[in-house]
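Q: From the sequence below, what's the structure:
(one chain, ligands or ions: 1)
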Amino acid sequence: TGSSSVNENSKNEQLEQFRNDNTDQYMTTDQGVRINHTDDSLKSGSRGPTLIEDFHFREKMTHLDHESIPERVVHARGSAAHGYFQPYNDSLKQYTKARFLTDPEERTPVFVRFSTVVGSRGSADTVRDVRGFATKFYTSEGNYDLVGNNIPVFFIQDAIKFPDLVHAIKPHPDSEMPQATAAHDNFWDFASLMPETTHMLLWVLSDRAIPRSFRMMDGFGVHTFRFVNEAGQGTFVKLHWRPLLGAHSLVWDEAQKLGGKDTDWLRRDLWEAIEKGDYPEFELSVQLVPEEDEFKYDFDLLDATKLIPEEIVPRVPVGKMVLNRNPDNFFAETEQVAFHPGNLVPGIDVTNDPLLQGRLFSYLDTQLNRFNSSNFTEVPINRPVAPVHNHHGAGFMKMTIGKGKANYWPNSTGDGNPKMAPEDEGGYVHYTEKVEGHKIRARSASFRDHYSQATLFWNSMTEVEKKHIVEAAHFELGKVEREDIRRRMVGNFAKVSKELAERVAAGIGVDVPTDSDIESTGNFEDNAASEKMRKGNS
Ligand code: HEM
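A: Predicted coordinates for the structure are as follows:
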């Protein structure tokens with residue numbers, strides 16, 4: 001394409017113009033006026049009232065008063081690092097035209113933010129929780145965000161359930177307890193009523209949910225995405241990060257003790273490793289599925305509660321990421337970075353996964369709340385290295401200064417006019433998937449099986465791993481006050497494995513129900529109706 005290349009330092013060089021080192025400089029006001037005394041406010045007499053004309057006092061206090069912005073509604077607690085990504089070779093070229101994945105000469109700068117999901121910004125690092133693993137690639141063709149987790153599947157299949165999930169997992173609305181743990185009635189009530197959560201729940205009860213280090217943690221794009229090559233041909237793809245140090249976990253006892261002794265355990269580990277030059281490295285790999293195989297499996301590729309077993313589609317390693325620099329400023333970088341699964345570059349597109357489709361709305365929406373302006377993309381950490389030219393104009397905190405008369409399209413002034421990029425000059429063209437259907441609020445029958453992959457997961461565990469899952473279930477469900485919730489959950493586990501259900505039940509004072517109280521969420525009743533309708537209409 002016509003875009004110029006980036007290198008490992010491109011983002012760092014761009015950030016340099018925004019850095020401000022105070023060392024040995026005179027302290028000034030925001031207007032650049034030098035300050036000669038910052039320890040006392042201006043008063044009328046040394047014991048008198050403070051004067052409103054004290055511009056230095058007012059400015060200093062105003063800044064503190066306005067320092068907080070809304071924390072992320074989920075993934076509030078995070079730690080981040082800079083680095084680069086480089087593909088091993090050009091082998092993906094037949095599947096994608098994304099340059100950062102196919103040009104082995106190009107080192108693309110990245111910024112990665114690891115996070116917990118549930119806890120607030122000041123919560124502990126070592127709680128049992130999913131971990132976020134979000135990567136912003138500052139590619140020569142624009143920013144690409146891989147906004148993933150350390151678990152390859154998700155709790156729910158349709159984004160419309162996300163607000164319910166988040167309300168259920170967050171602390172109770174009356175007491176705001178408990179913080180940052182799933183050990184409470186609301187979460188397990190919801191989970192037990194939503195059997196589609198079962199597969200992910202087993203991962204969350206496993207040692208995967210208490211990683212030893214962000215440096216020793218997998219990352220998964222979760223959804224099936226789509227690669228698109230030069231010829232416009234699509235290939236389904238799952239994207240995975242593997243840590244070169246291997247994936248390691250704490251044990252629960254360690255996690256709990258660390259939660260008390262060092263709430264910054266994971267953050268400190270990442271920071272100190274990078275300071276020492278012990279750079280975390282992650283290998284990117286892909287699972288590729290040709291379009292013609294879309295319906296080949298006994299699960300739906302669009303269902304985010306399912307993974308593609310590696311026995312069916314092997315992982316192919318494609319490149320490596322190195323994290324080699326800590327942020328200069330937590331707020332400016334780690335807090336203000338804004339990831340979005342809809343930040344795509346040519347060669348990568350989305351699929352109709354109904355969870356992913358909903359995410360495409362949610363991230364920008366929430367960031368408009370978090371930053372109170374659509375201009376957050378101009379904040380240094382979010383700014384692409386690729387040039388930005390458009391007619392987006394005013395708004396809070398606009399940083400760049402648009403030149404020229406025309407800020408509309410089309411125009412004939414020739415002044416301030418960007419042009420359209422043809423596809424071979426890097427213009428993004430959405431994949432031309434054929435889509436048609438009746439407008440129905442329903443879920444595909446192909447999303448119906450909630451247990452087979454949960455069983456696969458349970459059966460793949462060693463006895464030690466199984467023991468940890470059972471003990472985690474005893475801890476979490478043991479804190480659930482209502483017996484009917486504990487029993488219903490065990491009923492769902494019984495559909496995964498009789499052994500699992502019996503072992504969990506034995507520790508939480510319930511028996512294994514023979515007839516499960518809840519067959520499914522009712523979505524499938526809608527489905528039966530919609531299937532009938534489809535048949536009627538076709
Ligand atoms: C953060 C929504 C599912 C990974 C967020 C945020 C929202 C959100 C609102 C806060 C973003 C911000 O304030 O900048 C949703 C919705 C989902 C969903 C609506 C499903 C319908 C997922 C899934 C994954 C994921 C399946 C993993 C594949 C993340 C990560 C972050 C995040 C890693 C933190 C990004 C950061 O470090 O700033 N999500 N999410 N989310 N989400 Fe999701």
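Q: how about the nearest residue to residue 230, chain neighbours excluded?
A: Among residues not flanking residue 230 along the chain, residue 97 sits closest, at 4.9 Å (CB to CB, 6 or more residues apart in numbering). Bear in mind the C-beta positions are built from the backbone N, C-alpha and C, glycine included.
Q: Of all the residues in the stretch 401-538 of the chain, which one is nearest the ligand?
A: residue 443 (13.9 Å; CB to the nearest ligand atom).
Q: Tell me if I am right that that residue is in a helix.
A: No. Under DSSP: H, G, I helix; E, B strand; the rest coil, residue 443 sits outside any helix and is assigned coil.
Q: Pull up the distance across stretch 91-105, start to finish.
A: 13 Å (CA to CA, to the nearest Å).
Q: what comes up buried for it?
A: 91-93, 95-103 (16 or more other CB atoms under 10 Å).
Q: Let's see which of the residues you listed end up in strands.
A: Assignment to strands by DSSP state E places none of the buried residues of stretch 91-105 there.
Q: how about CSV for those, with pLDDT added?
A: Listed next are these as CSV, based on pLDDT from 0 to 100:
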residue, pLDDT
91, 97
92, 98
93, 98
95, 98
96, 98
97, 98
98, 98
99, 98
100, 98
101, 98
102, 98
103, 97
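Q: would you list those in TSV and tack on distance to residue 395?
A: Shown next, in TSV, are the buried residues of stretch 91-105 (distance: CB to CB, whole Å):
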residue	distance to residue 395
91	43
92	38
93	39
95	38
96	34
97	33
98	30
99	31
100	29
101	33
102	36
103	35
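Q: Tell me which of these fall in helices.
A: 99-102 (DSSP state H).
Q: Can you tell me which of those residues is nearest residue 82?
A: Nearest to residue 82 among those is residue 100, at 15.7 Å by CB to CB.
Q: what's the spacing between residue 93 and the ligand?
A: 26 Å (CB to the nearest ligand atom, to the nearest Å).
Q: My guess is that residue contacts residue 104. True?
A: No. The criterion here is CB atoms under 8 Å, and residue 93 misses it with residue 104 at 10.4 Å.
Q: Can you report how many residues lie near residue 408?
A: Using other CB atoms under 10 Å, the number of residues around residue 408 comes to 11.
Q: before we move on, what about residue 235?
A: Residue 235: 19 neighbours (other CB under 10 Å).
Q: Can you point out the buried residues in the helix or strand harbouring it?
A: Residue 235 is part of strand 234-243, with elements assigned from DSSP states H and E. Residues of strand 234-243 classed as buried: 234-243 (neighbour count, 16+ other CB under 10 Å).
Q: which two from the residues you listed end up farthest apart in space?
A: Farthest apart among the buried residues of strand 234-243 - using CB to CB - are 234 and 243, which lie 29.6 Å from each other.
Q: ok, now how distant is the residue in the stretch 201-350 of the chain that the ligand sits nearest to from residue 268?
A: The stretch 201-350 of the chain approaches the ligand most closely through residue 222 (3.6 Å), counting by CB to the nearest ligand atom. To residue 268, residue 222 is 28 Å away according to CB to CB, to the nearest Å.
Q: With neighbour numbers in mind, choose between those two.
A: Neighbours per residue (other CB under 10 Å) separate residue 222 from residue 268, with residue 222 holding more: 25 against 13.
Q: Let me know the pLDDT of that one.
A: Predicted confidence (pLDDT) for residue 222: 98.
Q: Could you give the number of residues near the closest residue to residue 487 other than its chain neighbours?
A: Spatial nearest neighbour of residue 487, excluding adjacent residues (CB to CB, 6+ apart): residue 510 at 4.4 Å. Using other CB under 10 Å, residue 510 has 20 neighbouring residues.
Q: again with residue 442
A: By other CB under 10 Å, 18 other residues sit near residue 442.
Q: what's the answer for the one 3 residues further on, then?
A: For residue 445, the tally of surrounding residues (other CB under 10 Å) stands at 13.
Q: quick revisit: tell me how far the residue nearest to residue 230 lies from the ligand.
A: 24 Å.
Q: Mind listing residues that contact stretch 53-73?
A: Residues from elsewhere that reach stretch 53-73, judged by CB atoms under 8 Å, 6 or more residues apart in numbering: 29-30, 35, 38, 41-42, 50, 52, 78, 115, 120-121, 166, 335, 366, 369-372.
Q: which of these come close to the ligand?
A: When contact is defined as CB under 6 Å from any ligand atom, those meet the ligand at 78, 115, 366, 370.
Q: If you rank these by neighbours, which is first?
A: Neighbour max across these (other CB under 10 Å) = residue 115, 25 neighbours.
Q: where's that one relative to residue 404, distance?
A: If you go by CB to CB, the gap between residue 115 and residue 404 works out to 41 Å.
Q: And for residue 196?
A: Distance, residue 196 to residue 404, by CB to CB: 52 Å.
Q: Mind naming the longest helix for the chain?
A: Within the chain, and with DSSP H defining each element, the longest helix by residue count is helix 354-371.
Q: For the next helix or strand after it, buried residues please.
A: The helix or strand immediately downstream of helix 354-371 is helix 452-459, counting by DSSP H and E. Neighbour-count burial for helix 452-459 flags 453-458 (criterion: 16+ other CB under 10 Å).
Q: ditto for stretch 263-270
A: Buried, per 16+ other CB under 10 Å, within stretch 263-270: 263, 265-267, 269-270.
Q: and what of stretch 350-369?
A: For stretch 350-369, by 16+ other CB under 10 Å, it's 350-351, 353-359, 362-363, 366-367.
Q: and if you look at stretch 151-169?
A: Counting neighbours by 16+ other CB under 10 Å, the buried set in stretch 151-169 is 151-159, 161-162, 165, 168-169.
Q: can you tell me the average pLDDT over the helix or strand harbouring residue 167?
A: In this assignment (DSSP H and E), residue 167 forms part of helix 162-169. When pLDDT is averaged along helix 162-169, the result is 98.
Q: and if you look at stretch 278-298?
A: Mean pLDDT, stretch 278-298: 98.
Q: Give me the buried stretch members for it, please.
A: In stretch 278-298, counting by 16+ other CB under 10 Å, buried: 279-289.
Q: what stretches of the protein score poorly on pLDDT?
A: Scanning the chain for pLDDT under 70 picks out the ranges 1-2, 515-538.
Q: Can you name the residue of it nearest to the ligand?
A: For the chain, CB to the nearest ligand atom, closest residue to the ligand: residue 132, 2.8 Å.
Q: wouldn't that residue be in contact with residue 118 here?
A: No. Between residue 132 and residue 118 there is no contact under CB under 8 Å: 11.0 Å.
Q: then the strand holding residue 235 to CSV, C-alphas only?
A: Extracted as CSV, the C-alpha positions of strand 234-243 are listed here (Å, rounded to 0.1, in the frame of the first residue of the first chain):
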residue,chain,number,x,y,z
GLY,A,234,-11.8,-14.3,3.7
THR,A,235,-10.5,-16.9,6.2
PHE,A,236,-11.8,-17.3,9.7
VAL,A,237,-9.2,-16.8,12.3
LYS,A,238,-8.7,-17.2,16.1
LEU,A,239,-5.8,-15.2,17.5
HIS,A,240,-3.7,-16.4,20.5
TRP,A,241,-0.8,-15.1,22.6
ARG,A,242,1.4,-17.6,24.3
PRO,A,243,4.0,-16.4,26.9
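Q: Does the ligand have contacts with it?
A: No. Using CB under 6 Å from any ligand atom, strand 234-243 stays clear of the ligand, coming no nearer than 9.9 Å.
Q: What strands flank that strand, and is each parallel or antiparallel?
A: With DSSP bridges as the test, strand 234-243 is paired with strand 219-220 (antiparallel), strand 225-228 (antiparallel), strand 281-290 (antiparallel).
Q: how far out from the middle of the chain is that strand?
A: Centre-to-centre, strand 234-243 and its host chain are 15 Å apart (CA atoms, centre = their mean, to the nearest Å).
Q: need the strands for the protein, in chain order.
A: 78-87, 108-116, 131-139, 142-149, 219-220, 225-228, 234-243, 281-290, 316-325, 348-349.
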